[in-house]
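In: coords please:
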Amino acid sequence: MNVSPKTAFVDTVTTYLNLDSAIPEEQENRNAAISSAVDAVNSGVFRIVVMGEIKKGKSSFINALLSKDLVPTDSDIATSTVYKILYGPKERFTVFFDPPATDTDIEIPPLDIEAGQIADFGTETGNPDNSKRVSFIAIQTPSPLLKDGLVIVDTPGVGGLYKKHRYITFQYAPNSDAVLFVLDSVEAVISQDEINFLQELRKHTERIIFIQTKSDMADQSQVLAWKARNLEILSNTLGIPSNLIPYFVVSSQLKAFAEETKVLDDLKASGFPDFLHFFNGVLIKERERLIVRRWLPSILSLVVRERELLSERWKIVQQANSKNRPVLEKYAQDLRSAEEKFLAWQSDTWPNLQREYRNAVAHLDRTSLNALEDATLPDNTVRPILADLRSQQLTPDRLLAMEEEIRNEHASQCNSFVNDIINNYVTSFERIFKATETSTLVSMQTISVPSVQFESGERQDVDASGFRSMRETYMGTMFVQALGKKIAAFGVTGLATLVAFNPALFATASIVASLGALALVATEIWSYFRGYKQSRERQVSDILRSLEGAMTRTCQAANRAGRRSLNNLMAELKAAAEEAFFLFQKQVRSDYDQRRKSLEMSRSQTVEEAKKSTELLTEKLKAIDAILQSLRQIEKTI
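Out: Numbers count the residues shown, from 1 in each chain. I've put the predicted structure just below:
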């Protein structure tokens, strides 16, 4: 029976958790790190964001997928807000609100509602143009499909989705695990607006699955023809062979009918079994592999470190048991020498490396904040737009018709500028951190922790990898563990549990942190944007003046949100890096201490005590070797 990497990882790490640590004083921290890994892998939160044009059948698809009518689907009702559907022991509907546009620091408490009240808050009929400033509606339901952590985000669709609802992309796409992009079999093949939106969407996620709905409302030849045409357009647009694009044709009505009549052929014809097979067999498994891949190296570093210390302890006891005092005295001398070199490095070399690091970060902070000021300065973004509009000599009616699109384009531009600055900060901080890490390791090359050397012909049953081979993972692992404690401050609930060391460790950790910053920026900019009322003026000069004021305030909102998020990001990344530097050196000192303690203990042991210690250490090494072998095997499968 094949065991999934997730199950194998959880079982192996749980076994490791039950072993006594080779370093008793680190048992609590070590167990906390292991428990975090188990919790993270077990949580399995998987976010699907459903997007598409108005009247494409998004809400009907979601209801059919969950086999329950949860979101409004009336043909005369359009969704005006976002629905977040997640597991709960019983049905519960809660409305969350944006703060007032005039004071974004005010928090409006959420409101529990009845199912029959959803249309009053979540549709264009009950909440036109989201006049009630609903941020989203949370729906909890005891659906088996959601029980293991699936969260479905249903977004509003409108004609010209690319122009009107870009804020959804910035708020929800970066944190999604997959986007379901809904097309249909009746209205039209994929449009240019949809293509434009897809191109914008791919800047935030490449895991996009296409759903063609309403297959029961057209004859089979049209359904297949539209699928072929859509795949051809998508292939040309995305640069992906059509056979590699995940694309599913479904009928929500046919699935509902099949569940009512229990007709298996109808259920198969609905297309939902094929989609669910892909979802469970590809998306969920890929997600599990990704989570395991993120946590595995940090656990491996713990296991290898413990094995090295146990192996060294075993060799010391072996030498003491064989009365090989000269070898142990040479080892003690080498250990003292290495410690003295390390202390000299801490007092002489490390302060210079820290000064270089802090100077580089301070320069990065200044340039990033200056870039933010320039990007959100009205002279740089508003005036060029107004100059272009004046040059077109538009009529008042034409300008009024364009007003919302102009403001939308400007808000998107501000959002993109701030996003770029935040992402550039992360990339540059990564470069500085890695440079400091490299300089640290290079400067420590002459400092080697000694290992007991067996003389030729002596018994040697245990082989251990060198200490310095793992030293390179310590600092990076410490950074990610430190950042993992702080990431929740950015509002990335759930994603914080996914942070762990990997070959791109800093990028993984800090980009996850930056996602929260980007989402907060988008929320503030677009919260202000949705609170703006369209101009009622009829003169071109008045309309332009109104636009100038609105776009200037958008710049101010972008500056406030960007500065707040950037300052938070700066503080958290720097705090995590400083903690990583501290813990790295603490762990190096601990390795010296553990070897010294093993040496001192061996000197005081009787022959019988040394023999028992050897047997105990041998058993511990066998147990930890089994853990290590299992983790290495998992590493090959992911």
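
In: The helix or strand encompassing residue 374: which residues count as buried?
Out: Element membership of residue 374 [criterion: DSSP states H and E] is helix 350-375. Within helix 350-375, the residues that count as buried by 16 or more other CB atoms under 10 Å are 350, 353, 357, 360, 361, 364, 365, 368, 369, 371, 372, 375. Placement of C-beta: from N, CA and C, glycine included.

In: Surely residue 548 and residue 382 touch.
Out: Yes. Using CB atoms under 8 Å, residue 548 is in contact with residue 382, at 6.0 Å.

In: Look at those two and report which has more neighbours.
Out: residue 382 (20 against 16; other CB atoms under 10 Å).

In: related to what we said a few turns ago, which helices and strands does the helix holding residue 374 pack with?
Out: helix 396-443, helix 540-604 (3 or more CB pairs under 8 Å, 6 or more residues apart in numbering; DSSP states H and E).

In: Give me the mean pLDDT for the shortest one.
Out: In this case it means helix 396-443. Average pLDDT, helix 396-443: 86.

In: Quick one: distance of that helix to the chain centre.
Out: Centroid separation for helix 396-443 versus its chain: 18 Å, with CA atoms, centre = their mean, to the nearest Å.

In: Report the separation between residue 412 and residue 394.
Out: 21 Å (CB to CB, to the nearest Å).

In: got it, and residue 427?
Out: Per CB to CB, residue 427 is found 41 Å from residue 394.

In: give me the element residue 248 is part of.
Out: strand 247-249.

In: Residue 47: which element?
Out: Per DSSP H and E: strand 46-52 holds residue 47.

In: which residue sits closest to residue 107, ignoring its sequence neighbours?
Out: Spatial nearest neighbour of residue 107, excluding adjacent residues (CB to CB, 6 or more residues apart in numbering): residue 99 at 6.4 Å.

In: quick one: secondary structure of that neighbour?
Out: In three-state terms, and counting by DSSP: H, G, I helix; E, B strand; the rest coil, residue 99 is coil.

In: For it, give me the pLDDT.
Out: What the model reports as pLDDT for residue 99 is 79.

In: Next, residue 96: secondary structure please.
Out: strand.

In: ok, it - contacts?
Out: 110, 134, 135, 136, 137, 138 (CB atoms under 8 Å, 6 or more residues apart in numbering).

In: same question, residue 91
Out: Residue 91 neighbours (CB under 8 Å, 6+ apart): 115, 139, 140, 141, 142.

In: switch to 7 Å and redo it
Out: 115, 140, 141 (CB atoms under 7 Å, 6 or more residues apart in numbering).

In: now residue 377
Out: residue 555.

In: my guess is residue 302 contacts residue 30, does it?
Out: Yes. If you go by CB atoms under 7 Å, residue 302 and residue 30 touch, sitting 6.3 Å apart.

In: Residue 62: neighbouring residues, count only.
Out: 25.

In: host element of it?
Out: Judged by DSSP H and E, residue 62 forms part of helix 58-66.

In: and the angle for the next helix or strand after that helix with helix 58-66?
Out: Next helix or strand after helix 58-66 toward the C-terminus (DSSP H and E): strand 83-87. Per axes from the mean of the first three to the mean of the last three CA atoms, to 10 degrees, the angle that strand 83-87 makes with helix 58-66 is 0 degrees.

In: residues of strand 83-87 that come out buried?
Out: Here strand 83-87 shows 83, 84, 85, 86, 87 as buried, counting by 16+ other CB under 10 Å.

In: can you give me how far that strand is from the chain middle?
Out: Relative to the centre of its chain, strand 83-87 is centred 19 Å away, using CA atoms, centre = their mean.

In: Check what pLDDT residue 96 gets.
Out: pLDDT, read off for residue 96, is 91.

In: Kindly report the same for residue 599.
Out: Listed pLDDT for residue 599 reads 87.

In: What is the neighbour count of it?
Out: What residue 599 shows, counting by other CB under 10 Å, is a neighbour count of 21.

In: my guess is it meets residue 332, correct?
Out: Yes. Applying CB under 7 Å as the test, residue 599 and residue 332 come out as touching, 5.7 Å apart.

In: Just the residues contacting stretch 5-12, thanks.
Out: Residues contacting stretch 5-12 (CB under 7 Å, 6+ apart): 38, 41-42, 288-289, 292, 296, 627, 630-631, 634, 637-638.

In: Now, of those, which are buried?
Out: Going by neighbour count (16+ other CB under 10 Å), the contacts of stretch 5-12 have 38, 41, 288, 289, 292, 296, 627, 630, 631, 634, 638 buried.

In: with those in mind, which one is nearest to residue 583?
Out: Relative to residue 583, the closest of these is residue 296; by CB to CB it sits at 20.1 Å.

In: any idea which element the closest one lies in?
Out: With DSSP H and E as criterion, residue 296 is part of helix 285-321.

In: any idea how far residue 417 is from residue 560?
Out: 14 Å.

In: And residue 288, by the same measure?
Out: Applying CB to CB to residue 288 and residue 560 gives a distance of 39 Å.

In: Over to residue 588?
Out: Residue 588 is 43 Å from residue 560, by CB to CB.

In: quick one: which of those two has more around it?
Out: residue 588 (21 against 16).

In: Give me the below-cutoff pLDDT ranges for this protein.
Out: Residue ranges of the chain with pLDDT under 70: 1, 44, 74-80, 101-105, 158-170, 322-324, 448-450, 452-538.

In: that older thread, could you give me the buried positions within the next helix or strand after the strand holding residue 248?
Out: Downstream of strand 247-249, the next assigned helix or strand under DSSP H and E is helix 252-261. Across helix 252-261, burial judged by 16+ other CB under 10 Å covers 252, 253, 254, 255, 256, 258.

In: what about the fourth one, distance to residue 153?
Out: Same thing as residue 255. The separation that residue 255 has from residue 153, given CB to CB, amounts to 21 Å.

In: for stretch 40-50, how far is the first residue from the last?
Out: 25 Å (CA to CA, to the nearest Å).

In: Please apply the same query to stretch 275-294.
Out: For stretch 275-294, the end-to-end distance is 27 Å (CA to CA).

In: next one: it to chain centre, how far?
Out: Chain-centre distance of stretch 275-294: 15 Å, with CA atoms, centre = their mean.

In: Go through that stretch and flag the buried ones.
Out: 275, 279, 283, 284, 287, 288, 289, 291, 292, 293, 294.

In: and residue 212, what element?
Out: Taking DSSP H and E as the definition, one finds residue 212 inside strand 208-213.

In: Could you spell out the sheet neighbours of that strand, each with its direction?
Out: strand 178-184 (parallel), strand 247-249 (parallel) (DSSP bridges).

In: List the contacts of the shortest one.
Out: Looking back up the chat, that one is strand 247-249. Under CB under 7 Å, 6+ apart, the answer for strand 247-249 is 210, 211, 212, 215, 223, 227, 231, 271, 274, 275.

In: closest to residue 202 among the buried residues of stretch 275-294?
Out: residue 283 (17.4 Å).

In: For the closest residue in space to the closest one that isn't next to it in sequence, give me its contacts.
Out: In space, not counting the residues next to it along the chain, residue 283 is nearest to residue 178; the distance is 5.7 Å by CB to CB, 6+ apart. Shown in contact with residue 178 (CB under 7 Å, 6+ apart): 48, 207, 209, 283.
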